[in-house]
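>>> Structure, please.
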Amino acid sequence: MTATLKPRLDRQHVLDLLGHMIRVRRFEDMCAELYTRERIRGFLHLYDGEEAIAAGVIPALAPEDRIVATYREHGHALVRGVPMTAVMAEMYGRAEGCSGGRGGSMHIFDAETNFYGGNAIVGGGLPLAGGLALADRMRGDAHVTACFFGEGAVAEGEFHETLNLAELWDLPVLFVCENNGYAMGSALARTQAETGIAAKAAAYGIEAERVDGMDVVAVEAATRRALARIRETGRPHFLECTTYRFRAHSMFDAQLYRDKDEVEAWKLKGPIVRFQGWLLENGLIHRADVDAIEARVAAEIEEAVAFAEAGTWEPVETLTRHVLGPQPEPPAPARPSGRMVETTYREAVKQAIRDAMHRDERVFLMGEDVGAYGGCYAVTKGLMDEFGPDRIRDTPLSESGFTGAGIGAAAAGMRPIVELMTVNFSLLALDQILNTAATIRHMSGGQFGVPLVIRMATGAGRQLAAQHSHSLEGWYAHIPGLKVLAPATLEDARGMLWTALQDPDPVLIFENVMLYNMAGRIDANAGPVDISKAAIRRAGKDVSLVTYGGSLRKTLEAAEALAQEGIEAEVIDLRSLRPLDEETILASLGKTRRAVIVDEGWRSGSLAAEIMARIMERGFWSLDGPVARVCSEEVPIPYPAHLEQASIPQVEKIVAAARAQMGR
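Below you'll find the model as predicted:
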């Protein structure tokens, strides 16, 4: 078996290897020239000197295998088979580019070749690769995900979180570290206590190997061995490929951090010089063969430049295309059974998860303590016994790693539910949520989507002090590419999840901690609900009270108190914070001509401020007075109960604001 893993250095094969490297080098030489001519803009990171890695690894992969790359990914894309014309057009930002011009140099995507793109965030692609492999593992598909990254990523937490998950869950990932010695200007020896990167992978129990990344044959041989082991065992493998970039980190880089002599010394052992020289010296190829490759590549580059130059700009009229995918039709309302059952908010959420798991085998839940522990708020208690540890998947305390894995699994066709224990922990995964989940559809020109649901507990009221009492829903509602939900009723807690799982884009569901114990009666046949519309929870004619989530009950209580004073308040439950249902708000204002926004977020930069701005933009002439709001005080949430209650919206404050609107 070992012999079959060695590269066969017959004439055609060595010409292919050399051809890949020359093709990448000449393409990037042209890109550098085009950059100086201002035809390519933004950041441009070139692969000059590292071509042996892409040429040695990628042709050994199967077409069904996936690739996740970095911002220095043009060479990877070309070797994978993404047409040079499409890559060059993308560099120009033309509509004919492989990402529709939306991604540019750092975000080359191509669904046809299973190329899951470059990533501008150092280490950001690692969790995505882990999630793609997780989908394969759960489905039993014998594919491999190859993940390329530089040695700078080794300092990022996502590197360690993903390697731990890969080993823990036996994920079929080929990790390829392109160790070129410098993360931007940070030399490895100046930034890492342990400079042996393969040793870091081995510390997690992953089979790891260090290979000369300037030797294309050595890289290919190591790759073949690694792929054979992954396909045999289903376990990850790690290659550290030592290499060097001859050009600057990017075209903006003055390279003041390294000596010119150092660069020139490395160039003498560059992958093309080395391999081409060896082939010529040993008579495996002839000078005419090299000339033929150069001529063929030059013609291809000329064609690619002409294609990009002749390309078109996407019309401004389609600016918002690819922010969200094709929108599904709202679910048909469930037919009432006429039989009411007692339940709690907690139980309604659990039943929603159970129902989704039964209805779709692609659905699985993962998060910290969701399995054996039963969830921090006991929402998932008993589900692991029912569905097993593969589908109710306990994770390490690594929010970025497992959230990114959920994103990757969703991009590969699974339907993950990721539970982040509390909203403050979501900040540890914010990079993955903002920079990958919310943007991959846009950056890929609509080729890849992330049908992911992320659930998290939010809000104050349990004396958990400043670090566990945030209400950050409004922050997330600021991000294009996400949908943000806040179920405030038993029916929504039961019905929003399944609808969210049918959405082609990431949906965040915020469950207020003060609602879990809320009890009531719900129709036994309660099912999926529309997640795009606000709801009028109480009709009125004098003032509109607009709220969501944990503040709904307080607002309804305030409306009841106002009614005793002859003020009929209309209560709007937003339900969806992104997108906002402006029409329902404006229709209510058309009746009441007054509004108070109740929002548990901090006043400055709050969702309430956004709603007020939209009212002013579209409903100003309907108003009889300025819009008011009741928000949390501008303090971190205190621990003492009386101070905590004073810092968040309460019934008395809502009543007072509504009275003021009525001039009382």
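>>> From the chain's centroid, how far away is stretch 448-468?
Going by CA atoms, centre = their mean, to the nearest Å, the spacing between the C-alpha centre of stretch 448-468 and its chain's C-alpha centre is 17 Å.
>>> now do the same end-to-end measure for it.
Between the opening and closing residues of stretch 448-468 there is a gap of 34 Å (CA to CA, to the nearest Å).
>>> Next: stretch 228-243.
Counting by CA to CA, the length from the leading to the trailing residue of stretch 228-243 is 24 Å.
>>> repeat for stretch 108-124
Counting by CA to CA, you get 15 Å between the two ends of stretch 108-124.
>>> Averaged pLDDT, that stretch. What do you get?
Stretch 108-124 carries an average pLDDT of 95.
>>> in it, what counts as buried?
108-110, 113-124 (16 or more other CB atoms under 10 Å). Using the backbone N, CA and C atoms, a C-beta is placed for each residue, glycine as well.
>>> Looking at those, which are in strands?
Secondary structure assignment by DSSP state E places none of those in strands.
>>> Dump stretch 195-202 to CSV, restricted to CA.
Output of stretch 195-202 as CSV, limited to C-alpha atoms (Å, rounded to 0.1, in the frame of the first residue of the first chain):
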residue,chain,number,x,y,z
THR,A,195,7.6,27.5,16.9
GLY,A,196,7.0,23.9,16.0
ILE,A,197,3.5,24.1,14.7
ALA,A,198,3.1,20.4,14.0
ALA,A,199,3.9,19.8,17.6
LYS,A,200,0.9,21.9,18.6
ALA,A,201,-1.4,19.7,16.5
ALA,A,202,0.2,16.6,17.9
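>>> Go ahead and name everything in contact with it.
For stretch 195-202, the external contacting residues (CB atoms under 8 Å, 6 or more residues apart in numbering) are 151, 154, 160, 163, 175, 177, 179, 188-189, 194, 208-210, 238-240.
>>> redo that, cut-off 6 Å
Counting contacts by CB atoms under 6 Å, 6 or more residues apart in numbering, the residues outside stretch 195-202 that touch it are 151, 154, 163, 177, 179, 188-189, 208, 210, 238, 240.
>>> rewinding a little: return the closest of the buried residues of stretch 108-124 with respect to Cys98.
Proximity of the buried residues of stretch 108-124 to Cys98 (CB to CB) peaks at Asp110, which lies at 4.9 Å.
>>> if we can go back for a sec, of the contacts of stretch 195-202, select the buried ones using a ChimeraX command.
Provided next is the ChimeraX selection string for whichever of these are buried by 16+ other CB under 10 Å:
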select :151,154,163,177,179,188,208,210,238,240
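>>> want to throw the contacts of stretch 195-202 into TSV with pLDDT?
Rendered in TSV, the data for those read as follows (pLDDT from 0 to 100):
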residue	pLDDT
Glu151	91
Val154	93
Leu163	98
Cys177	97
Asn179	91
Leu188	81
Ala189	80
Ala208	97
Arg210	97
Phe238	98
Glu240	97
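>>> Just the ones of the contacts of stretch 195-202 in helices?
With helices taken from DSSP state H, the overlap with the contacts of stretch 195-202 comprises 163, 188-189.
>>> Which one of the residues you listed is nearest to Arg664?
Closest to Arg664 out of the ones in helices among the contacts of stretch 195-202 is Leu163 (63.0 Å), distances taken as CB to CB.
>>> The residue lying closest to the closest one once chain neighbours are set aside and Ile285, how far apart?
Of all residues beyond its chain neighbours, the one nearest Leu163 is Tyr204 (4.8 Å), with distances taken as CB to CB, 6 or more residues apart in numbering. When distance is defined by CB to CB, to the nearest Å, Tyr204 is 41 Å away from Ile285.
>>> Could you do Ala226 as well?
As defined by CB to CB, Ala226 lies at a distance of 27 Å from Ile285.
>>> Could I get the contacting residues of Ala561?
Residues in contact with Ala561 (CB under 6 Å, 6+ apart) are Val655.
>>> Quick check: mean pLDDT of the strand or helix carrying it?
Following DSSP states H and E, the helix or strand that holds Ala561 is helix 552-563. Helix 552-563 carries an average pLDDT of 98.
>>> do the same with stretch 6-19
For stretch 6-19, the mean per-residue pLDDT is 92.
>>> Please spell out which residues along it are buried.
For stretch 6-19, the buried set under the neighbour-count rule, 16+ other CB under 10 Å, comprises 7, 14-15, 17-19.
>>> and those residues as JSON lines, adding distance to Phe246?
Listed next are the buried residues of stretch 6-19 as JSON lines, based on distance: CB to CB, whole Å:
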{"residue": "Pro7", "distance to Phe246": "25"}
{"residue": "Val14", "distance to Phe246": "23"}
{"residue": "Leu15", "distance to Phe246": "23"}
{"residue": "Leu17", "distance to Phe246": "19"}
{"residue": "Leu18", "distance to Phe246": "18"}
{"residue": "Gly19", "distance to Phe246": "20"}
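>>> Run through the helices of the stretch 1-150 of the chain in chain order.
Across the stretch 1-150 of the chain, reading from the start of the chain, the helices by DSSP state H, counting those that start in this stretch fall at 2-5, 11-36, 51-57, 74-80, 84-92, 125-139.
>>> Would you confirm that Glu583 belongs to a helix?
Yes - using DSSP: H, G, I helix; E, B strand; the rest coil, the secondary structure at Glu583 is a helix.
>>> coming back round to it: tell me which residues touch the residue nearest to Leu163, please.
With contacts taken as CB under 6 Å, 6+ apart, Tyr204 has the following neighbours: 163-164, 167.
>>> can we see that at 8 Å?
The neighbours of Tyr204, taking CB under 8 Å, 6+ apart as the test, are 160, 163-164, 166-167.
>>> now, among these, which is nearest to Lys267?
Minimum separation from Lys267 among these (CB to CB) is found for Leu163, which lies at 32.5 Å.
>>> so the closest one touches Leu171, yeah?
No - in this structure, Leu163 sits apart from Leu171 without contact. The criterion is CB atoms under 8 Å, and the distance is 9.8 Å.
>>> list the residues that contact both of those two?
Residues touching both Leu163 and Leu171 by CB under 8 Å, 6+ apart: Pro236.
>>> Name the nearest residue to Met496, ignoring sequence neighbours.
Using CB to CB, 6+ apart and skipping residues adjacent in sequence, the residue nearest Met496 is Pro487, 5.0 Å away.
>>> measure that neighbour to Arg346 for me?
Relative to Arg346, Pro487 is positioned 12 Å away (CB to CB).
>>> Just put the helices of the stretch 1-150 of the chain in JSON lines and tack on distance to Lys533.
Formatted as JSON lines, these follow (distance: least, CB to CB, whole Å):
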{"stretch": "helix 2-5", "distance to Lys533": "59"}
{"stretch": "helix 11-36", "distance to Lys533": "48"}
{"stretch": "helix 51-57", "distance to Lys533": "49"}
{"stretch": "helix 74-80", "distance to Lys533": "42"}
{"stretch": "helix 84-92", "distance to Lys533": "38"}
{"stretch": "helix 125-139", "distance to Lys533": "31"}
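>>> Can you tell me which of those is most buried?
Among those, judged by mean count of other CB atoms under 10 Å, the one packed with the most neighbours on average is helix 51-57 (a mean of 29).
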